[in-house]
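S.K.: predicted model and sequence follow; I will ask about them next.
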Amino acid sequence: MITTTDFIALLKYRTAEEGGRLTPAHSGYRPQIEFPFAKMQTGCIQTFIDQDTVAPGESVTASIKIIGTEYFKGQLYENLEFNFCEGARIIGTGKIISIVNPVLQRKADNKPSILYYDSYEHFGMSGPSIGKLQVNTIELKQEFLDWNFVKTLNNTLFAFNRFEIQKIKTKHLFGLFTTTQAVKQFRILVLDSATNTWYISKGYWKALFLTHLLIDTVYFTNAFHDGDRKSFPEESIAFNRTNFRAVDESEIVEM
C-alpha cells in the first residue's frame, strides 16, 4: 500500500443535502482531488489523523497522497484550497495545512516585471489615470488603473485593476428599436506567478481601488484611490472559484 504523504490538510465533508456522501468515509478513502489552477483531476489517498471514519458534514485532519505528483511540481502551498470529488460530484473541500513532499512546494519570489504606460486622465479633471499594462513584457488587453496593483508577501499572487467598457443593449417599445449604452466598469485580474495562471473576477465594480492581497482574499475600496476610509470603507472578496475563474492567455493578451 502507498503510504507516502504529500501534504497535510483539513478536510470538510459535505452533507448529503449539500450533494455529499450518504455514508461515512473511512481512513484510506480514495476520491479524486481537484486544485483551482488545474484543468484535470487526479486520484488521492486520504489517511485520517487520530480517527478512522468521518460522517457527512464533519471535518477531519488528514495526510494526503496524490497520484500523478509530476503534474503538480512546484504548485502547492499552505492555505491552498481544493475540492475532492466522486466523479464530477464535489463531496468536500480541503485546505492545505503543510507541505510534506518538497517537490510539490511552490517556490516564492517569482516576481514578474510590471510596466504601466500611455496613461491618461479618463474621467476628466483630477480623475483616475487609465493606461496600458505589460507583465513580463507581454501587453495585456483592455486598460488598467495606473499603478494600482497589489501582491502577496511571498510574491506569488499579483492582482491588477482592469478597466472595461461594456456595451449594453436595451430594447424599447416591445422590441421595435434598440439603444446601446457604454458602461464603464472595473474587474480584478490575478496572476499566479508560480504557475503563470491568470484569473479574472466574475463580478464588476463601478469604482475600484485595490488595497492589499492575501493568499485567499483581495481587499479594495469602492473608489479610485485609497483615501477616506469613512466614506469608502475597505471591503474584501474571497479569491476562490466562486468569485474568480481561470482564463487562457488568449483572453487577456494582445495578439
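M.R.: All right, it came through fine. Residues are numbered from 1 along each chain as shown.
S.K.: low pLDDT regions in this protein?
M.R.: Low-confidence segments of the chain, defined by pLDDT under 70: 1-3, 39, 108-110, 123-127, 227-228, 255.
S.K.: domain map for it?
M.R.: With automatic domain parsing as the criterion, the domains of the chain are listed as 7-104, 114-252.
S.K.: mean neighbour count added to those, as JSON lines?
M.R.: C-beta: built from backbone N, CA, C; applies to glycine. Shown next, in JSON lines, are those (neighbours: other C-beta atoms under 10 Å):
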{"stretch": "domain 7-104", "mean neighbour count": "16"}
{"stretch": "domain 114-252", "mean neighbour count": "15"}
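S.K.: what bridges to the residue lying closest to residue 217 once chain neighbours are set aside?
M.R.: The shortest distance from residue 217 to any non-neighbouring residue, by C-beta to C-beta, 6 or more residues apart in numbering, is to residue 236 (5.1 Å). With DSSP bridges as the criterion, residue 236 is bridged to residue 219.
S.K.: give the contact list for residue 236.
M.R.: Taking C-beta atoms under 8 Å, 6 or more residues apart in numbering, we find residue 236 in contact with 217-220.
S.K.: looking at these, spot the one nearest residue 30.
M.R.: Of all the contacts of residue 236, residue 30 sits closest to residue 217, with 31.8 Å by C-beta to C-beta.
S.K.: didn't that closest one look like it was pressed against residue 237?
M.R.: Yes. Between residue 217 and residue 237 there is a contact under C-beta atoms under 8 Å: 7.2 Å.
S.K.: can you show me the CA trace of stretch 176-186 as CSV?
M.R.: The C-alpha trace of stretch 176-186 is given here as CSV (Å, rounded to 0.1, in the frame of the first residue of the first chain):
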residue,chain,number,x,y,z
LEU,A,176,-39.2,47.8,-32.1
PHE,A,177,-35.9,49.6,-31.6
THR,A,178,-32.7,49.1,-29.5
THR,A,179,-30.3,51.5,-27.9
THR,A,180,-26.8,50.8,-26.8
GLN,A,181,-25.2,52.3,-23.7
ALA,A,182,-21.5,52.2,-22.9
VAL,A,183,-21.0,51.2,-19.2
LYS,A,184,-17.6,51.9,-17.5
GLN,A,185,-16.6,49.2,-15.0
PHE,A,186,-13.7,47.5,-13.3
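S.K.: centre of the chain to it, how far?
M.R.: Centroid separation between stretch 176-186 and its chain, computed with C-alpha atoms, centre = their mean, to the nearest Å, is 29 Å.
S.K.: so the closest residue to residue 67 other than its chain neighbours versus residue 53, what's the distance?
M.R.: Closest residue in space to residue 67, ignoring its immediate chain neighbours: residue 43 at 4.0 Å, by C-beta to C-beta, 6+ apart. The gap separating residue 43 from residue 53 is 20 Å, by C-beta to C-beta, to the nearest Å.
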